[in-house]
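[1] Fold the stuff below for me.
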Amino acid sequence: MSDVTFDRVQKRYGSVEVIPELDLNVPDGSFTVLVGPSGCGKSTLLRMLAGIESTTSGSIRIGEDDITHREPSKRGVAMVFQSYALYPHMSVAENIGFSLKLSKRPKAEVTERVLEAANTLQIEQLLDRKPSELSGGQRQRVAIGRAIVRDPKVFLFDEPLSNLDAKLRVSTRLELARLHQRLKVTTIYVTHDQIEALTLGDRIAVMNEGKILQVGSPKDLYSNPVNTFVASFIGSPPMNMVEANLDGQTISFASHEIRVSDFSLLPKTENGKIILGIRPENFESDALAPADLPRIEVFPDLIEAQGADSFIDFCVDANPSGTGSALIDRGGDQGMKNGEVRFTARVNPKFEPGIGERTLLALDPADFRYFDAQTGDALPRRA
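    Numbers count the residues shown, from 1 in each chain. Here you go, the predicted model:
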């Protein structure tokens with residue numbers, strides 16, 4: 001078994017606490033992604049597992065083995081860094097097999113395992129080249145090959161794609177996913193890019209300020225974020241959020257009101273103060289939406305056409321003329337006050353409103369998410 005367990009792990013640098021007591025279990029054979037903003041402690045956590053950083057307190061186990069104070073080379077992990085860190089004077093084959101050579105493995109075994117890794121990564125034609133003769137993506141595959149030949153219990157990746165251009169990042173991401181499907185080795189992957197997290201991981205751990213906020217499948221984190229931080233971090237563009245009031249079955253913010261017909265969809269709250277969350281993709285153009293859904297009348301500030309989607313950026317509380325926009329039902333308009341709450345809607349690209357032009361967007365209350373106005377924690381529904 002190669003599951004990884006962080007048990008009350010803490011990390012301090014002098015008086016600065018980078019990671020408070022943290023617990024995390026990474027199941028055997030999973031692809032677990034640690035995601036969060038820069039400085040949240042995700043790379044520090046990975047480096048403690050690798051033995052590059054020491055723990056201040058707590059323990060780290062791989063399976064039943066406590067590796068907290070074990071030498072890095074004896075932990076059974078292999079790490080791929082953001083920097084390729086290849087030896088420029090060595091060939092690709094020599095770079096991949098270097099760790100085996102240091103371990104004084106037989107030459108025939110080194111050659112066999114280097115060829116096996118190269119075939120897995122489809123770089124066998126590059127074995128005689130030097131790193132200077134390779135592209136960025138090829139260098140990263142060599143770095144991954146260097147990790148594969150060690151036959152580790154756990155793979156560690158520390159933002160390995162951040163130095164690649166956008167197109168290469170996508171193709172290398174697919175290669176990593178296929179590699180994990182073939183090898184089935186426990187993998188922990190660190191990134192601040194939530195798109196990488198959603199597409200690569202079968203489990204995601206969202207971190208902030210050294211704490212694990214939520215662990216779950218990509219679908220679970222996207223659909224059921226535990227707080228406003230996770231809701232705003234997972235999803236691109238992020239979830240729209242605005243302070244609102246709940247009175248009976250009516251949600252209001254500024255001068256807008258939305259009546260939710262299904263009482264079970266509403267949150268449990270004591271004082272009626274909530275934060276309303278709406279994903280950009282939960283909007284639809286007026287013409288394509290069912291007639292019974294409420295509409296929001298907006299005046300777009302910016303329209304981004306991205307091929308398969310269009311993104312409409314607007315302010316729900318004010319239009320360019322200053323007369324106000326309103327959330328409306330099919331029954332008629334409602335007034336509103338000026339304000340500056342910005343929203344983004346993802347819509348069908350065939351829908352082409354003009355900048356500053358009165359536009360109707362529909363939204364379905366069944367897709368709303370609710371959070372406590374004071375703590376930011378998700379509010380359970382009444383159902």
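
[2] From now on I want contacts and neighbour counts done on CA atoms only, so please keep to that.
    OK.

[3] distance between stretch 228-236 and the chain's centre?
    Chain-centre distance of stretch 228-236: 9 Å, with C-alpha atoms, centre = their mean, to the nearest Å.

[4] what sits up against that stretch?
    Applying C-alpha atoms under 8 Å, 6 or more residues apart in numbering, the external contacts of stretch 228-236 come out as 36, 194-195, 206, 213-214, 221-222, 225, 238-240, 371, 376-378.

[5] if we go to 7 Å?
    By C-alpha atoms under 7 Å, 6 or more residues apart in numbering, the residues outside stretch 228-236 that reach it are 194, 206, 222, 225, 238-239, 371, 376-377.

[6] Please spell out which residues along it are buried.
    Of the residues in stretch 228-236, those buried under the neighbour-count criterion (16 or more other C-alpha atoms under 10 Å) are 228-235.

[7] those strands in the stretch 251-383 of the chain, which residues are they?
    Assigned strands in the stretch 251-383 of the chain, in chain order: 256-259, 273-278, 283-285, 295-298, 302-305, 310-315, 327-328, 342-347, 359-363, 369-372 (criterion: DSSP state E, counting those that start in this stretch).

[8] re the thing from before, just curious, which of the buried residues of stretch 228-236 is nearest to Asn25?
    Nearest to Asn25 among the buried residues of stretch 228-236 is Val230, at 19.2 Å by C-alpha to C-alpha.

[9] Am I right that the closest one is in a helix?
    Yes. Val230: assigned to a helix according to DSSP: H, G, I helix; E, B strand; the rest coil.

[10] now stretch 80-94, how far from the centre of its chain.
    Taking C-alpha atoms, centre = their mean, one finds stretch 80-94 lying 28 Å from the centre of the chain it belongs to.

[11] How about stretch 238-249?
    Using C-alpha atoms, centre = their mean, the distance between the centre of stretch 238-249 and that of its chain works out at 24 Å.

[12] where does the stretch 1-150 of the chain dip in pLDDT?
    Counting by pLDDT under 70, the stretch 1-150 of the chain contains low-confidence residues at 1.

[13] Show me where it has its helices.
    Assignment of helices within the stretch 1-150 of the chain using DSSP state H, counting those that start in this stretch yields the ranges 42-50, 92-102, 107-121, 136-148.

[14] could the ones you listed go into JSON lines alongside mean neighbour count and distance to Ser2?
    Below are those laid out as JSON lines (neighbours: other C-alpha atoms under 10 Å; distance: least, C-alpha to C-alpha, whole Å):
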{"stretch": "helix 42-50", "mean neighbour count": "23", "distance to Ser2": "13"}
{"stretch": "helix 92-102", "mean neighbour count": "22", "distance to Ser2": "21"}
{"stretch": "helix 107-121", "mean neighbour count": "18", "distance to Ser2": "21"}
{"stretch": "helix 136-148", "mean neighbour count": "23", "distance to Ser2": "16"}
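
[15] Can you say which of the ones you listed is nearest to Thr359?
    Scanning these with C-alpha to C-alpha as the criterion, the closest one proves to be helix 42-50, at 42.5 Å.

[16] List every C-alpha atom in the closest one, with coordinates, as PDB.
    As requested, the backbone C-alpha atoms of helix 42-50 are provided in PDB (Å, rounded to 0.1, in the frame of the first residue of the first chain):
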ATOM      1  CA  LYS A  42       1.200  23.500  -0.900                       C
ATOM      2  CA  SER A  43       4.800  23.300  -2.100                       C
ATOM      3  CA  THR A  44       6.000  23.300   1.500                       C
ATOM      4  CA  LEU A  45       3.800  20.300   2.200                       C
ATOM      5  CA  LEU A  46       5.200  18.500  -0.800                       C
ATOM      6  CA  ARG A  47       8.800  19.300   0.100                       C
ATOM      7  CA  MET A  48       8.200  17.900   3.600                       C
ATOM      8  CA  LEU A  49       7.000  14.600   2.100                       C
ATOM      9  CA  ALA A  50      10.000  14.500  -0.200                       C
END
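
[17] can you list the residues that contact it?
    34, 53-55, 60, 72, 77, 158, 190, 207.

[18] returning to that earlier point: please convert the helices of the stretch 1-150 of the chain to CSV, extending it with distance to Gly248.
    Shown next, in CSV, are those (distance: least, C-alpha to C-alpha, whole Å):
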stretch, distance to Gly248
helix 42-50, 42
helix 92-102, 65
helix 107-121, 59
helix 136-148, 56
